[in-house]
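J.: got a structure for you, letters missing:
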């Protein structure tokens, strides 16, 4: 018993040292032994966190050599094809980092790959949280912080992507300027403020640089810190399983188990990014040349996280509204405004409001510390897959010219098909995902009702060959039985005289939505599915003898 209660030396030593000097010993003892659950999907958020740390370190190195100036200079560096070419100091300093600073090109590529992995890690982590319902009470605030983090990460990527002032990033900056200036009333003011005058102006690099290395990273760092503190205070969610409840956490302590695992995973993440930076070239700015407003590179594509906005711009018909019937009175370029605001608005606003919309529909205001398996909330999973399809079609059609050129398909037909898919694809994805979720629920019911396949083939008296099923292991059964019906507004509230909250058109709509969204779709104990009775010890012995 003493061995179980004794504090490990690795924890007790540092805690005693700090307690003698700061009185923080009890705080450290309590928190360094905090238990974290163990599941591979929880590492997705750590990928984003470790990528952000690598971004800060590599970005600090790059700031020592980068010159955020639009002043023109004649290039006189070691890259012969650009000798004597006039370019901005921003582009010239980026070439210097790439060719003259020891390790500069490696650090540039580490920074770029880390940025891609940071955004990708955040996206996948957010999908994990969404599909498992980990955003529910008491974690709504942390979910909103995550949505803000993703939005800021996109802005951070946009400002950093534009800094080298090469022909590729300049094309993206030109699109950004076109989107901003198309905004009604405020577009001109925002554009002049950012560019310091008519495009391209002489201030945009300095202002993007300040945003990229000071303002946005500072806000990101503050939000990430708040995100981590809230996660620590509220405790981590855990997957359903044996001995796991809403009132405990099954896993390993923070020190030493979790810290060792986290440190190893950080080194693994860094190794992957460094390997990509070493062997996979990205953003070779010397091949594009300096940006000039009169030129554009062929096959220009943004980084993946901006691909959906590019696709929206390419798919949108050339619609515009001339105020009072004349262009002189003012024009609203819908072909730019709608792609710029609508997809981003749908995705980010939908993400931010979903926890509260689900709570309103289901009436579920309980605390949830056990996550759902995606199949057990088929409507939520289907909505998520519809959103992914919407995003994916826009992202894919951001390269409609490349698709057309490489697959020999008419560019017009590629665009027309994309316009149909961006509307029909999410609907199809919703229907297919919902049916798959119900099928997986039936499979779970079959596991509980009939057991799992034993790998033993038995011949029946009438000549039929069947595979015998055995009872599932305790861990599998606990994982499956962790299913909890989606809460719905009780039937008592929807029968007879409805309560005040369910009266009127909106209340009746809420009741109908709750019945459709919630409830048990496929009960576990129905025994649905195919199979044969579980194989007991006597049956096993008989099967062997036969």
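T.: Perfect, I can see it now. Just so it is clear, the structure is predicted and the values come from calculations on it, not from any experiment. Numbering: from 1, shown residues only.
J.: Tell me the strands beside the strand ranked longest in the chain, with direction?
T.: If you go by DSSP state E, the chain has its longest strand at strand 452-459. Neighbouring strands of strand 452-459 in its sheet, by DSSP bridges, are strand 465-470 (antiparallel).
J.: Show me what the helix or strand just after the partner strand packs onto, helices and strands only.
T.: Where DSSP states H and E defines the elements, the next helix or strand beyond strand 465-470 is helix 474-481. For helix 474-481, the packing partners by 3 or more C-beta pairs under 8 Å, 6 or more residues apart in numbering; DSSP states H and E come out as helix 411-450. From N, CA and C alone the C-beta is placed, and that goes for glycine too.
J.: residues in contact with the residue positioned nearest the centre of the chain?
T.: Residue closest to the average C-alpha location in the chain (C-alpha atoms, centre = their mean): residue 123, at 1.0 Å. Applying C-beta atoms under 8 Å, 6 or more residues apart in numbering, we find residue 123 in contact with 150, 305.
J.: Pretty sure it sits in a strand.
T.: No - counting by DSSP: H, G, I helix; E, B strand; the rest coil, residue 123 is not part of a strand but helix.
J.: if I look at it, how far off is residue 219?
T.: Distance from residue 123 to residue 219, counting by C-beta to C-beta, to the nearest Å: 19 Å.
J.: what's the average pLDDT for stretch 30-37?
T.: Averaged over stretch 30-37, pLDDT sits at 82.
J.: The closest residue to residue 400 other than its chain neighbours: how many residues sit nearby?
T.: Nearest residue to residue 400, sequence neighbours excluded (C-beta to C-beta, 6 or more residues apart in numbering): residue 414, at 4.7 Å. A count of nearby residues for residue 414, using other C-beta atoms under 10 Å, gives 22.
J.: and what of residue 19?
T.: 16.
J.: avg pLDDT for the helix or strand hosting it?
T.: Element membership of residue 19, judged by DSSP H and E, is helix 9-22. Per-residue pLDDT over helix 9-22 has a mean of 72.
J.: same thing with stretch 299-318?
T.: Rounded mean pLDDT across stretch 299-318 is 88.
J.: what's the first-to-last distance across that stretch?
T.: 21 Å (C-alpha to C-alpha, to the nearest Å).
J.: ok, residues contacting it?
T.: Outside stretch 299-318, the residues that reach it (C-beta under 8 Å, 6+ apart) are 115-116, 119-120, 123, 153-154, 157-158, 161, 168, 171-172, 175, 334-336, 338-340, 342-344, 391, 393-402, 405, 415, 418-419, 422.
J.: Tell me who's in contact with the residue nearest to residue 182 when sequence neighbours are not counted.
T.: With C-beta to C-beta, 6+ apart as the criterion, residue 182 has its nearest non-adjacent residue at 4.2 Å, and that residue is residue 336. By C-beta under 8 Å, 6+ apart, the residues touching residue 336 are 178-179, 182, 313, 316.
J.: Would you mind checking which of the residues you listed is nearest to residue 86?
T.: Distances from residue 86 to the contacts of residue 336, taken as C-beta to C-beta, are shortest for residue 178 (24.8 Å).
J.: all helices in the stretch 301-450 of the chain, in order from the N-terminus.
T.: 307-315, 334-362, 378-397, 400-407, 411-450 (DSSP state H, counting those that start in this stretch).
J.: Next, the angle from the first one to helix 378-397.
T.: It refers to helix 307-315. If you take axes from the mean of the first three to the mean of the last three C-alpha atoms, to 10 degrees, helix 307-315 sits at 70 degrees to helix 378-397.
J.: Are we agreed that residue 236 is in a helix?
T.: No - membership of residue 236 in a helix is not supported by three-state DSSP, which gives coil.
J.: Correct me if wrong: it contacts residue 38.
T.: No - assessed by C-beta atoms under 8 Å, residue 236 is found out of contact with residue 38, at 10.1 Å.
J.: sorry, back to before: distance between the longest strand of the chain and the chain's centre?
T.: What separates the centre of strand 452-459 from the centre of its chain is 42 Å, taken as C-alpha atoms, centre = their mean, to the nearest Å.
J.: for stretch 198-214, same thing?
T.: 28 Å.
J.: Check what contacts it and list those residues.
T.: Contacts for stretch 198-214 (C-beta under 8 Å, 6+ apart): 59, 63, 66, 68-71, 88, 90, 155-156, 159-160, 162-163, 165, 170, 173-174, 177, 191, 194-197, 291, 293.
J.: tell me the contacts of residue 79?
T.: 95, 99, 286.
J.: What strand or helix carries the closest residue to residue 67 other than its chain neighbours?
T.: Counting by C-beta to C-beta, 6+ apart, residue 67 lies nearest to residue 93, which is 4.0 Å off, once chain neighbours are set aside. Assigned by DSSP H and E, residue 93 belongs to helix 89-99.
J.: so what does that helix touch, helix or strand wise?
T.: With contacts defined as 3+ C-beta pairs under 8 Å, 6+ apart, helix 89-99 has these neighbours: strand 72-74, helix 104-132, helix 285-288.
J.: angle of that helix against helix 104-132?
T.: 100 degrees.
J.: Give me the contacts around helix 89-99.
T.: Contacts for helix 89-99 (C-beta under 8 Å, 6+ apart): 62, 65-73, 75, 77-79, 82, 104-105, 107-108, 163-166, 205, 285-286, 290-291.
J.: What of stretch 477-488?
T.: 239-244, 362-364, 366, 370, 372-373, 376-377, 379, 441, 444, 447-448, 471-472, 514-515, 517-520, 524.
J.: if we can go back for a sec, will you turn the helices and strands packed on helix 89-99 into CSV that also has distance to residue 201 and mean pLDDT?
T.: CSV is the format used below for the helices and strands packed on helix 89-99 (distance: least, C-beta to C-beta, whole Å; pLDDT from 0 to 100):
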stretch, distance to residue 201, mean pLDDT
strand 72-74, 13, 94
helix 104-132, 25, 96
helix 285-288, 21, 92
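J.: so where's the stretch 351-500 of the chain shaky on pLDDT?
T.: 490-498, 500 (pLDDT under 70).
J.: tell me, how many neighbours does residue 470 end up with?
T.: Neighbours of residue 470 (other C-beta under 10 Å): 17.
J.: Nice, that's everything, thank you.
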